[in-house]
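Engineer: attaching a predicted model along with its sequence, questions to come.
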Amino acid sequence: MRRGGERYTGLPPYMAEIEEECSVSLRQLMVNEGLIPSLEDDKKRRSVIHMLQRIVVRWIKIVAWKRRLPQHHINATNATIIPYGSYGLGVHGSESDIDALCIGPFFATITEDFFIDLPDLLKSRAEVSEVHCVKDAKVPLIRFKFDGILVDLPYAQLRVLSIPNNVDVLNPFFLRDIDETSWRSLSGVRANQCILQIVPSVELFQSLLRCVKLWAKRRGVYGNLNGFLGGVHMAILAAFVCGYNPNATLSSLVASFFSTFAYWQWPTPVVLLRDAYAATGSPPGLMPIQLPCGGRQYCNSNVTRSTYCKIMSEFHRGHHLTKGYLKHGFNWNSLFEPYPYATTYAWFVKIHLSASNEEDLSDWVGWVKSRFRSLLIKIEEVFGLCDPNPTEHLEACEKQPNIVYYWGLHLRTVNVSDIESVETDFLKNVNNSGSFQGSVGGIQLSVVQASQLPKNVECDTSNRNNKVARTCWRVRDDKQCKDKPVYSRHLPGYVVGYEKMNDRDAESTDVKC
Ligand SMILES: Nc1ncnc2c1ncn2[C@@H]1O[C@H](COP(=O)(O)OP(=O)(O)OP(=O)(O)O)[C@@H](O)[C@H]1O
Ligand SMILES: [Mg+2]
Ligand SMILES: [Mg+2]
């Protein structure tokens with residue numbers, strides 16, 4: 001075994017040395033980019049999980065008491081919290097959310113107990129803010145901030161009186177007779193456990209996944225709502241590559257990731273558990289990726305024609321750049337270069353969302369984003385291929401809180417008025433589909449030229465957004481504002497916040513990227 005759990009590769013010694021150097025420089029890049037959370041951050045997250053565990057135990061005792069269970073049942077009952085998602089896989093960044101599944105016993109229902117009593121209990125805590133119940137999602141959940149960290153808390157109900165703290169969610173005993181929603185909610189935890197069992201080296205898998213997530217974010221192909229790859233898709237693709245290269249080093253895994261998926265014959269599904277996939281019916285979507293949790297479930301995907309093309313072209317670019325990683329002068333930096341939107345596209349669809357206050361804006365943006373796929377498809381019909389850049393911009397000098405997106409169009413010339421029919425259709429879709437409970441905000445679509453983009457449009461800030469926009473980055477357009485941007489320690493040029501400035505400073509400072 002070598003550094004970082006890397007193995008003997010069978011290469012001649014001088015090549016193995018170059019491999020080693022290459023992996024070391026990639027690991028250094030990960031550190032420089034701030035991909036490894038600090039011990040302090042880890043401690044804080046552990047403490048959030050610990051406190052959530054205490055809260056759900058208190059909650060379940062209250063529910064048991066309300067349901068008039070005998071005292072010995074009240075004493076015996078238990079609910080538990082299991083982290084999953086990127087935090088559960090150990091690949092979270094300092095701005096990641098915590099995905100944590102709450103598992104409760106047979107008498108605590110999602111509608112009457114989880115969505116009613118638990119939010120009240122959470123709201124009573126000083127550390128908790130912005131509690132939202134997302135009831136109509138495929139995996140319903142409570143979303144809130146705990147000590148400033150975003151938490152996604154879905155619920156699964158098992159047919160037992162007490163849930164052991166270390167409950168084995170792969171054990172059929174616990175899974176018998178569970179309802180559809182609980183099954184879906186458990187699938188994320190099961191998928192994580194399967195992935196961690198399958199990969200030959202957890203450490204190498206985690207490093208690979210961190211690298212390819214950074215690549216996907218920088219190149220604008222990360223984020224399920226915008227039709228790209230989400231965290232779960234990336235995790236399965238990374239685990240697939242690790243499974244096929246048990247003796248690989250980190251650098252060869254990254255190269256292998258790109259060579260594998262640049263030439264993948266989509267829509268052949270990516271399947272980790274071979275036996276789980278039977279060739280019956282066609283798998284869903286353009287890039288089907290099976291969830292490794294049994295039951296032949298696939299990851300939900302919003303990939304469209306446009307995003308398929310962009311993802312594939314980025315896989316090819318990644319392959320082109322990494323296939324010569326052992327050659328003299330190779331450097332990892334080009335792989336992670338931010339995507340040059342402003343020089344790639346001549347025209348952009350500008351999507352301007354606004355609301356009367358920040359709280360309403362969060363809800364409104366979350367709702368509208370859940371309909372982005374239909375907008376993208378309509379734009380494809382009218383303007384052809386489109387690149388739905390997930391970066392969020394704030395027009396900071398506008399009166400109303402707002403979020404703006406700029407989606408690149410492939411056309412060299414466009415009929416600007418065609419956007420009207422797209423807007424009409426999208427408004428219909430947003431207003432008709434489902435039940436938005438919050439207060440309805442504004443949506444304005446327009447077509448702008450590259451020269452009209454805010455200056456900093458090519459910067460993807462690492463500043464993680466609040467509860468609604470988990471996979472997005474915000475950039476403020478402060479040309480006329482007098483606040484001084486504060487840049488990320490790890491990502492120079494990436495705005496993480498703003499400091500008030502006096503007028504003289506304001507005159508002499510410009511936002512630079
Ligand atoms: N499109 C999807 N299809 C199936 N499961 C999903 C999907 N999106 C999310 N999930 C489940 O929810 C979990 C958390 O998703 P989330 O979007 O927070 O991604 P993540 O892997 O935690 O990455 P990030 O660091 O961006 O939060 C995933 O690990 C997966 O189990
Ligand atoms: Mg997450
Ligand atoms: Mg989440």
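Structural biologist: Right, received. Where do you want to start? Residues are numbered from 1 along each chain as shown. Ligands and ions are numbered 1, 2, ... in the order given.

Engineer: what number of residues lie near residue 163?
Structural biologist: 26 (other Cβ atoms under 10 Å). (Each C-beta comes from the backbone N, C-alpha and C, glycine too.)

Engineer: quick check: which element contains the residue in the chain that ligand 3 sits nearest to?
Structural biologist: When distances are taken as Cβ to the ion, the chain reaches nearest to ligand 3 at residue 152, 3.7 Å away. Remark: residue 152 resides in strand 149-157, with elements defined by DSSP states H and E.

Engineer: avg pLDDT for the helix or strand just after that strand?
Structural biologist: Read in the C-terminal direction, the helix or strand following strand 149-157 is helix 172-175, with elements assigned using DSSP H and E. In this model, helix 172-175 has a mean pLDDT of 90.

Engineer: coming back round to it: now the residue of the chain closest to ligand 3. Nearest residue, chain neighbours left out?
Structural biologist: With Cβ to Cβ, 6 or more residues apart in numbering as the criterion, residue 152 has its nearest non-adjacent residue at 4.8 Å, and that residue is residue 99.

Engineer: so the one you found touches residue 88, yeah?
Structural biologist: Yes - here residue 99 reaches residue 88: they are 6.8 Å apart, a contact under Cβ atoms under 8 Å.

Engineer: and those two? Which one has more around it.
Structural biologist: Set side by side, residue 99 and residue 88 give different neighbour counts by other Cβ under 10 Å, the larger being at residue 99 (27 against 22).

Engineer: how about the residues of this protein by ligand 3?
Structural biologist: When proximity is defined as Cβ under 5 Å from the ion, the chain approaches ligand 3 at 97, 99, 152.

Engineer: tell me the contacts of the second one?
Structural biologist: Going by Cβ atoms under 8 Å, 6 or more residues apart in numbering, residue 99 touches 83, 84, 85, 86, 87, 88, 151, 152, 188.

Engineer: again, only this time at 7 Å
Structural biologist: 83, 84, 85, 87, 88, 152, 188 (Cβ atoms under 7 Å, 6 or more residues apart in numbering).

Engineer: restrict these to contacts with ligand 1.
Structural biologist: Among these, the residues that sit close to ligand 1 (Cβ under 6 Å from any ligand atom) are 84, 85, 188.

Engineer: close to ligand 1, is the helix or strand hosting residue 100?
Structural biologist: Secondary structure assignment for residue 100, by DSSP H and E: strand 98-104. Yes - Strand 98-104 is in contact with ligand 1 by Cβ under 6 Å from any ligand atom, via residue 99.

Engineer: any idea how far that strand is from the chain center?
Structural biologist: Mean C-alpha position of strand 98-104 versus that of the full chain (Cα atoms, centre = their mean, to the nearest Å) differs by 17 Å.

Engineer: do the same with stretch 414-423
Structural biologist: Going by Cα atoms, centre = their mean, where stretch 414-423 is centred and where its chain is centred differ by 31 Å.

Engineer: what's the end-to-end length of that stretch?
Structural biologist: Start and end residues of stretch 414-423 are separated by 16 Å (Cα to Cα, to the nearest Å).

Engineer: distance of residue 139 relative to ligand 2?
Structural biologist: 12 Å (Cβ to the ion, to the nearest Å).

Engineer: hmm, back to that, average pLDDT for the strand holding residue 152?
Structural biologist: Strand 149-157 shows a mean pLDDT of 97 in the predicted model.

Engineer: next, the angle from it to strand 98-104.
Structural biologist: 30 degrees (axes from the mean of the first three to the mean of the last three Cα atoms, to 10 degrees).

Engineer: tell me which parts of the protein are close to ligand 2?
Structural biologist: Residues of the chain lying close to ligand 2 (Cβ under 5 Å from the ion) are 85, 86, 97, 99.

Engineer: okay, who's weakest in the residues you listed by pLDDT?
Structural biologist: Ranked by pLDDT, the residues of the chain next to ligand 2 bottom out at residue 97, which scores 93.

Engineer: so that residue sits against residue 150, correct?
Structural biologist: Yes - proximity of residue 97 to residue 150 meets the contact threshold set by Cβ atoms under 7 Å, at 4.0 Å.

Engineer: would you show me how to pick out the buried ones of the contacts of residue 99 in PyMOL?
Structural biologist: Restricted to buried positions by 16 or more other Cβ atoms under 10 Å, the PyMOL selection for the contacts of residue 99 reads:
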select buried, resi 83+84+85+87+88+152+188
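
Engineer: show me which of the contacts of residue 99 is closest to residue 406.
Structural biologist: Closest to residue 406 out of those is residue 152 (27.4 Å), distances taken as Cβ to Cβ.

Engineer: ok, back up a step: how about the ones next to ligand 1 among the contacts of residue 99 in TSV, adding distance to residue 63 and secondary structure?
Structural biologist: Conversion of the ones next to ligand 1 among the contacts of residue 99 to TSV gives the following (distance: Cβ to Cβ, whole Å; DSSP: H, G, I helix; E, B strand; the rest coil):
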residue	distance to residue 63	secondary structure
84	23	strand
85	26	helix
188	24	helix
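
Engineer: between these, which sits nearest residue 403?
Structural biologist: With Cβ to Cβ as the yardstick, the closest approach to residue 403 among those comes from residue 85, at 23.5 Å.
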